[in-house]
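Asks: Sequence and predicted structure, then a few things I'm wondering about:
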Amino acid sequence: MNVKKILNAFGIMYEETHPAVSKKCVGIDCPYCHDTGKHMGIFLDTGKAFCWKCQKTRFISQVLYKLKGVTQEQFEAVSGIRVRNDDQPKNNLDRIFKKTNTNYVQVEADNSEIIKHFLSFESISSKPYLSAIHHVMLDYVTSRFTWDELKLYGAGYALSGPMMNRLVIPYPAPFIGPPIGFVGRDFTGIAQRKYFVTPGLSLHSHVYPNSAFGDRRTDVLVVVEGIFDSWAITDYLAVALCGKAISIKQISKVISMYPTMDMTLVICLDGDTSIRDRGNVQRELGVFFKNSVMVNLPELLDPSSIPTNELSYYIDKGVESHGKD
Ligand SMILES: [Zn+2]
């Protein structure tokens, strides 16, 4: 657990070496006895809190709630730690970011305004001073993506403006052409809307293709839900629908972009997608392909939360199963 990061993210002042508090702790003001001498120690390894003045014992998330009204969800989003169960922080974080639902909302700003406030990750990481929120963002992106991926897809970060403090993704990716819009993804988990989209970009009229570079099979097209899922598909061509359904416009885009009659279509939507939704996509798009197969990921999982080789195993298994019948 990164206690200092968590305290920074919520703007809590702490003393690193408090003479009256254990060396394993940082000291903060205790909200239970209203101490202002930073006598509440937060253990850096466990997040447990103990006040050397009033003897209160709590967990950091409870203290944050008492101090600032930080909810469980906000705490989970920033810390990646779920205190209800004993499962792993990394899995929790993936689940937390999934839990807030994929609601795309258009913002009233044109693309030039977005670009003005948009900073590439290269320029962020070379900045000598980073604020707490930048650290949270860098932790988030580096735990999920590689620098090469972020560069390839032209992702950046909005310092200010309508997409402020969001991971900003040009749509489509730079290797396809100039962006027709931007998608801003919240990474703190505390924004009201997980996704912001610039006007003029109707996600349901487009598909988001992954890179055609590298060593990938070009006879397989994988259809996924989210943009990050398409990034996660590194062994095949992929397009993201930005949702669980496919529109007529999206179907015509796919047909115009790929030699579909020579390809196998693989439907690989998130694990929580209903059989009916998957079936609809397969039925509507599958007729334009040589073959079509459905891959059923385990519930709670989506392509971007599965290790690459495991994901390829699921997809390969799907593709092969078709050859057998
Ligand atoms: Zn106290």
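Replies: Perfect, thanks for sending it.
Asks: Run through the stretch 51-200 of the chain and note the low-pLDDT ranges.
Replies: Along the stretch 51-200 of the chain, the model assigns pLDDT under 70 to residues 81-104, 106-108, 125, 127-130.
Asks: which parts of it sit against the ion?
Replies: Applying CB under 5 Å from the ion, one finds that the stretch 51-200 of the chain approaches the ion through 51, 53-54. Glycine gets a C-beta too; all of them are placed from N, C-alpha and C.
Asks: CA atoms of the longest helix seen in the chain as CSV?
Replies: Longest helix in the chain, counting residues (DSSP state H): helix 308-324. Extracted in CSV, the C-alpha atoms of helix 308-324 (Å, rounded to 0.1, in the frame of the first residue of the first chain):
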residue,chain,number,x,y,z
THR,A,308,-1.8,-11.3,-23.3
ASN,A,309,-0.8,-15.0,-23.7
GLU,A,310,-3.9,-16.1,-21.8
LEU,A,311,-6.1,-14.0,-24.0
SER,A,312,-4.5,-15.4,-27.2
TYR,A,313,-5.1,-18.8,-25.8
TYR,A,314,-8.9,-18.1,-25.5
ILE,A,315,-9.0,-16.6,-28.9
ASP,A,316,-7.0,-19.4,-30.6
LYS,A,317,-9.1,-21.9,-28.9
GLY,A,318,-12.2,-20.2,-30.4
VAL,A,319,-10.7,-20.0,-33.8
GLU,A,320,-9.6,-23.7,-33.8
SER,A,321,-13.0,-24.9,-32.5
HIS,A,322,-14.5,-23.6,-35.6
GLY,A,323,-12.2,-25.6,-37.8
LYS,A,324,-13.3,-28.8,-36.1
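Asks: just checking, what packs against it?
Replies: strand 217-224, strand 264-267, strand 291-294 (3 or more CB pairs under 8 Å, 6 or more residues apart in numbering; DSSP states H and E).
Asks: Measure how far that helix is from the centre of its chain, please.
Replies: 25 Å (CA atoms, centre = their mean, to the nearest Å).
Asks: Could you list the buried residues of it?
Replies: Residues 311-312, 314-316, 318-319 are the ones in helix 308-324 that count as buried (16 or more other CB atoms under 10 Å).
Asks: Residues touching that helix, excluding its own?
Replies: 220, 222, 232-236, 264, 266, 268, 291, 293-295, 297, 303, 306 (CB atoms under 8 Å, 6 or more residues apart in numbering).
Asks: ditto for stretch 20-28
Replies: 3-4, 7, 12-18, 37-45, 50, 52, 63, 67.
Asks: Stretch 6-13 now?
Replies: Here stretch 6-13 has contacts from 14, 26, 28-29, 38, 42, 47, 60, 64, 67-68, 70, 75, 78-79, 132-133, 135-136, 188, using CB under 8 Å, 6+ apart.
Asks: rerun that using 7 Å as the cut-off
Replies: 14, 28, 60, 64, 67-68, 70, 78-79, 132-133, 135-136 (CB atoms under 7 Å, 6 or more residues apart in numbering).
Asks: that older thread, can I get the buried part of the residues of the stretch 51-200 of the chain next to the ion as one ChimeraX selection?
Replies: To isolate the buried subset of these in ChimeraX, counting by 16+ other CB under 10 Å, use the following:
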select :51,53
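Asks: of the residues of the stretch 51-200 of the chain next to the ion, closest to residue 211?
Replies: residue 51 (52.6 Å; CB to CB).
Asks: In which helix or strand does residue 301 reside?
Replies: Using DSSP states H and E, residue 301 maps to neither a helix nor a strand.
Asks: So what's the residue count around it?
Replies: 19 (other CB atoms under 10 Å).
Asks: Look up phi and psi at it.
Replies: phi -110, psi 150 (degrees, to the nearest 10).
Asks: One more: the one 3 residues further on?
Replies: Note on residue 304: backbone dihedrals following degrees, to the nearest 10 are phi -80, psi -10.
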